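K.L.:
heads up, no residue letters with this:
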């Protein structure tokens, strides 16, 4: 979110300084792992859909501008969501699609297996297919946003950590490991490290450790049925309202068939000391899902890693002006489903920092809802 905010602010001619405690990109937060799903039929809340529609436009623009230097950052693959007819995922996606007139298809179990023969689906499962869904390459997207920000005059410092900040009468003083910086406006996008930055808010953010894994596909090879161009991004409601998700095999990033569990995992007290790597039990749990639902992908483990979710109390973002402070804007608590919104979040944050308001409808994400 910070790189997108830097990009949108710099493109408006604002003097911008971005501060990052690690290198860019890095593997300590929430933007690594080579792929993040993007979809518009949003079961989490229909009010996200207009933001996603704008995000789609901005991702396409990034592909055509800065993203072109890094390779495509946005790939449309189609998205298949599976679950019980009376579950959360499919009815929620259907409600969002109907409310906003989004193209979609409902599939019975037999239709799912006929169209996507690598899935094994029980008779009481239904599918929701969204043609325009796909995935973002987060490391490439972050670099593209940084490149565009720098092109428009932004300064981005890495290896420098923000320690705290204080509001003055008409400015904000930010204290870092390299000294102090005074700014007219501070935009806080500190992810899993947001807690200390939002010290005065009555908001609880829990940071959790999430496991990603890539398996070889013994019955498949790149260019076959599980590969990009033939296989969709997918989400299966295995643990209502949560579930497992994954992506087609690609020629870039980590080789193999990627799978992960979308559910807050093991809580992390200090994000700088998270337990990295997956346990045998965690890998076995992911393999069990593949064996049941996508047996063609049940091959040897190729790689695994961990990332972080920063979860708000209700699973929705915290986005808006810092309560009681006109010189600070915040974006936090993306709860494991935020990256797809990055460019429109950058646009919203630039609106709020420059104008104090935004035409985007973000009231349902206001930090004031926890007051």
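P.N.:
Looks like it arrived, so ask away. It should be emphasised that the depicted structure is a prediction, and the values quoted were computed from it without experimental measurement.

K.L.:
any low-confidence regions in the stretch 151-300 of the chain?
P.N.:
Flagging of the stretch 151-300 of the chain using pLDDT under 70 yields the residue ranges 219-223.

K.L.:
all helices for it, in order.
P.N.:
194-197, 280-293 (DSSP state H, counting those that start in this stretch).

K.L.:
now do the helices in the stretch 1-150 of the chain.
P.N.:
Along the stretch 1-150 of the chain, counting by DSSP H, counting those that start in this stretch, helices occupy 2-11, 48-64, 67-70, 89-100, 109-115, 138-151.

K.L.:
and of those helices, who's closest to residue 316?
P.N.:
Closest to residue 316 of these is helix 48-64 (C-beta to C-beta; 8.6 Å). Just so you know, the C-beta spots here come from the backbone N, C-alpha and C atoms, and that holds for glycine as well.

K.L.:
is it true that residue 108 touches residue 124?
P.N.:
No - Residue 108 lies out of contact with residue 124 (C-beta atoms under 8 Å); the separation is 10.1 Å.

K.L.:
more crowded one of the two?
P.N.:
Set residue 108 next to residue 124 and count neighbours by other C-beta atoms under 10 Å: residue 108 wins out with 14 against 9.

K.L.:
can you pull the pLDDT of that one?
P.N.:
As predicted, residue 108 sits at a pLDDT of 98.

K.L.:
quick one: buried residues of stretch 256-273?
P.N.:
Residues of stretch 256-273 classed as buried by neighbour count (16 or more other C-beta atoms under 10 Å): 256-262, 264-265, 268, 271.

K.L.:
stretch 99-109 too?
P.N.:
100, 102, 104, 107, 109.

K.L.:
how about stretch 311-321?
P.N.:
In stretch 311-321, counting by 16+ other C-beta under 10 Å, buried: 311-312, 316-321.

K.L.:
which one of the residues you listed sits closest to residue 149?
P.N.:
Distances from residue 149 to the buried residues of stretch 311-321, taken by C-beta to C-beta, are shortest for residue 319, at 19.9 Å.

K.L.:
what sits against that closest one?
P.N.:
330-331, 345, 348, 362, 365-367 (C-beta atoms under 8 Å, 6 or more residues apart in numbering).

K.L.:
and it, helix, strand or coil?
P.N.:
strand (DSSP: H, G, I helix; E, B strand; the rest coil).
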